[in-house]
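S.K.: Turn this into a structure:
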Amino acid sequence: MYQEFFGLNRTPFHITPDPDFLFLSRSHEEALASIIYGVDERKGFVVVLGDVGLGKTTILRYYLEELAPKDLTTAYVFNPDVSLKALLDTLFRELGIGNKPDNVPDMVDQLHGMFLDEYQLGRNVVLIVDEAQNMPVETLEGLRLLSNLESSTDKLIQIVLVGQPEFAARLEQPELRQLRQRIAVRSTLVPFTEAESLAYIEHRLNKAGGSSASAFTPGALREIVGHAKGVPRVINILCDNALVNGLGHQKRPVTAEIVREAILDLTGHARVRRLPWAWASMVAVAAAGALFLASPYRALVFGAAETHAQLPALPQAPPRVVPVAAGSAESLARPGDGGVATAVIVEQGDSLIRSSCSRGTSTGLPTSASSRSSSRPIQTSRTPTDCSSGAPSASRPSRAWGRGRRERGEGRAVPPQAVWYHRSPCARSSAG
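M.R.: Below you'll find the model as predicted:
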């Protein structure tokens, strides 16, 4: 579709395991060498492990098509989730053996004779099982019995088991301990490094008659490698979709923005990009926190917080109700205050005479006292004190007095009020 636009002679990023595009990273070379060695040296069991999309099947096909010796008789099983009898049926069919018996023991005996004939002719027999993690435990144990077919010096059949990492966990089961002990060669595929990922893209484009420089910008390659995380299948899918989008945008080479668009189309969300300064900030904050926790100030800060948490809450004294004779003044000590407070009782009248803030005295009286001499319970309240003049501020009580008259709509007396004057600030002001 996009080959002509990018100057390619074929599609470079098929997701099918094409041996012609095999790229051998270090772990892929080791896996391929393990298969060659295990089969040629008649080692019996060979195990190759690798996660999804790392190229296990591509390696198998490359071995069978390009490297397998001509004297090798091969049986390939790609659906191993079968019983032992079904597996032996497949083996008979792959090896071209007719007149198949109906029961497992007779089938094994006939295979033994066939393997001996091949061995005497200088030929080797190999059974390759792909997706081995899906094979039942009973079938795997049957394979162990099949591997017991041997001459005095060599194994008559070589069994290559290729599977995902779950297969390694299955081999650890107690019932498979005898099979596990017979595994002579084992290899594990790992994802590409960043350098191997870039070389892999270049390799496939070169196979298709192009180059990475003509197809992708450096930023686009960074986006592809960062998202694929070294998995060849993901690289193929992303590169293929990015080239299609590049054709749609008529953009050559493909840019990082087009690759991000392809990622969004494939996954539904863009790749998370972490800026260098963001990482630096996170490291700096973590380092500062570690230094604080290791410093002596930690005990000081957390110790103070713990002490504060242990202190009981200070009681809040409720307003005091004090019986006071009309027209008189009382000096009352209020719990929690720093000094003596003076209560000036306003019974009636139209103005409030300023009261002195001198220590222990009170001269604030109404302009006319009430003729009533009975005591009246009154509720005390606070009023700010004007310490600069040494007297309480009369503005707020006056406004309260005015409100009291308006609320009642007439000029009669208001209920008694008590005005609290704090002694401590006045004392400091006079001392100054």
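S.K.: Which residue ranges of the stretch 51-200 of the chain form helices?
M.R.: Using DSSP state H, counting those that start in this stretch, the helices found in the stretch 51-200 of the chain span residues 56-62, 84-95, 104-120, 137-147, 165-171, 177-181, 194-207.
S.K.: can I see the domain layout of the chain?
M.R.: As assigned by automatic domain parsing, the chain contains the domains 4-8+193-267, 26-188, 321-431.
S.K.: most tightly surrounded among the helices of the stretch 51-200 of the chain?
M.R.: Among these, helix 56-62 has the highest mean neighbour count (mean count of other C-beta atoms under 10 Å), at a mean of 21. Heads up, the C-betas are built off the backbone N, CA and C, glycines and all.
S.K.: Beta-bridge partners for residue 183, please?
M.R.: Taking DSSP bridges as the rule, residue 183 bridges to residue 45.
S.K.: how close does it sit to residue 177?
M.R.: According to C-beta to C-beta, to the nearest Å, residue 183 stands 11 Å off from residue 177.
S.K.: Repeat that for residue 142.
M.R.: Per C-beta to C-beta, residue 142 is found 16 Å from residue 177.
S.K.: how about TSV for the helices of the stretch 51-200 of the chain, with mean pLDDT and distance to residue 69 added?
M.R.: Below are these laid out as TSV (pLDDT from 0 to 100; distance: least, C-beta to C-beta, whole Å):
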stretch	mean pLDDT	distance to residue 69
helix 56-62	94	14
helix 84-95	91	17
helix 104-120	91	13
helix 137-147	91	20
helix 165-171	94	27
helix 177-181	93	26
helix 194-207	97	26
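S.K.: Show the contacting residues for residue 128.
M.R.: 60, 64, 74-77, 160, 162 (C-beta atoms under 8 Å, 6 or more residues apart in numbering).
S.K.: can you rerun that using 7 Å?
M.R.: 60, 74, 76-77, 160 (C-beta atoms under 7 Å, 6 or more residues apart in numbering).
S.K.: Name the member of those residues with the shortest distance to residue 38.
M.R.: Distance to residue 38 across those (C-beta to C-beta) is lowest for residue 160, with 6.9 Å.
S.K.: rewinding a little: export the helices of the stretch 51-200 of the chain as JSON lines, with columns for distance to residue 13.
M.R.: Supplementary listing: the helices of the stretch 51-200 of the chain in JSON lines, determined by distance: least, C-beta to C-beta, whole Å:
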{"stretch": "helix 56-62", "distance to residue 13": "13"}
{"stretch": "helix 84-95", "distance to residue 13": "31"}
{"stretch": "helix 104-120", "distance to residue 13": "40"}
{"stretch": "helix 137-147", "distance to residue 13": "35"}
{"stretch": "helix 165-171", "distance to residue 13": "25"}
{"stretch": "helix 177-181", "distance to residue 13": "38"}
{"stretch": "helix 194-207", "distance to residue 13": "6"}
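S.K.: what's the closest of those helices to residue 27?
M.R.: helix 194-207 (9.2 Å).
S.K.: Just the residues contacting the closest one, thanks.
M.R.: Residues from elsewhere that reach helix 194-207 (C-beta under 7 Å, 6+ apart): 12-13, 20-21, 23, 25, 192, 211-212, 215, 221, 225, 228, 230, 232, 235, 239.
S.K.: C-terminal to that helix, what's the next element?
M.R.: Scanning forward in sequence from helix 194-207 by DSSP states H and E, the next helix or strand is helix 212-215.
S.K.: mind listing what's buried in the helix or strand just after that next one?
M.R.: Sequence order places helix 218-228 as the next helix or strand after helix 212-215, per DSSP H and E. For helix 218-228, the neighbour count (16 or more other C-beta atoms under 10 Å) marks 220-228 as buried.
S.K.: picking that back up, is there a quick ChimeraX command that grabs whichever of the contacts of helix 194-207 are buried?
M.R.: Selection of the buried residues among the contacts of helix 194-207 in ChimeraX, burial being defined by 16+ other C-beta under 10 Å:
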select :12,13,21,23,25,192,211,212,215,221,225,228,230,232,235,239
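S.K.: where in the stretch 201-350 of the chain is pLDDT low?
M.R.: For the stretch 201-350 of the chain, the stretches flagged by pLDDT under 70 are 269-350.
S.K.: and the gap between residue 26 and residue 32?
M.R.: Distance, residue 26 to residue 32, by C-beta to C-beta: 11 Å.
S.K.: before we move on, what about residue 65?
M.R.: Distance, residue 65 to residue 32, by C-beta to C-beta: 13 Å.
S.K.: These two: which is more packed in?
M.R.: Set residue 65 next to residue 32 and count neighbours by other C-beta atoms under 10 Å: residue 32 wins out with 20 against 11.
S.K.: Could you tell me the phi and psi values at the more buried one?
M.R.: With angles defined as degrees, to the nearest 10, residue 32 sits at phi -60, psi -40.
S.K.: repeat for the one 5 residues further on
M.R.: For residue 37, the backbone dihedrals (degrees, to the nearest 10) come out as phi -70, psi -50.
S.K.: Can you report how many residues lie near it?
M.R.: For residue 37, the neighbour count with other C-beta under 10 Å is 14.
S.K.: can I assume it is in contact with residue 185?
M.R.: Yes. Look at residue 37 against residue 185 with C-beta atoms under 7 Å: they come within range, at 6.3 Å.
S.K.: Which secondary structure state is assigned to residue 235?
M.R.: Following DSSP: H, G, I helix; E, B strand; the rest coil, residue 235 is assigned to helix.
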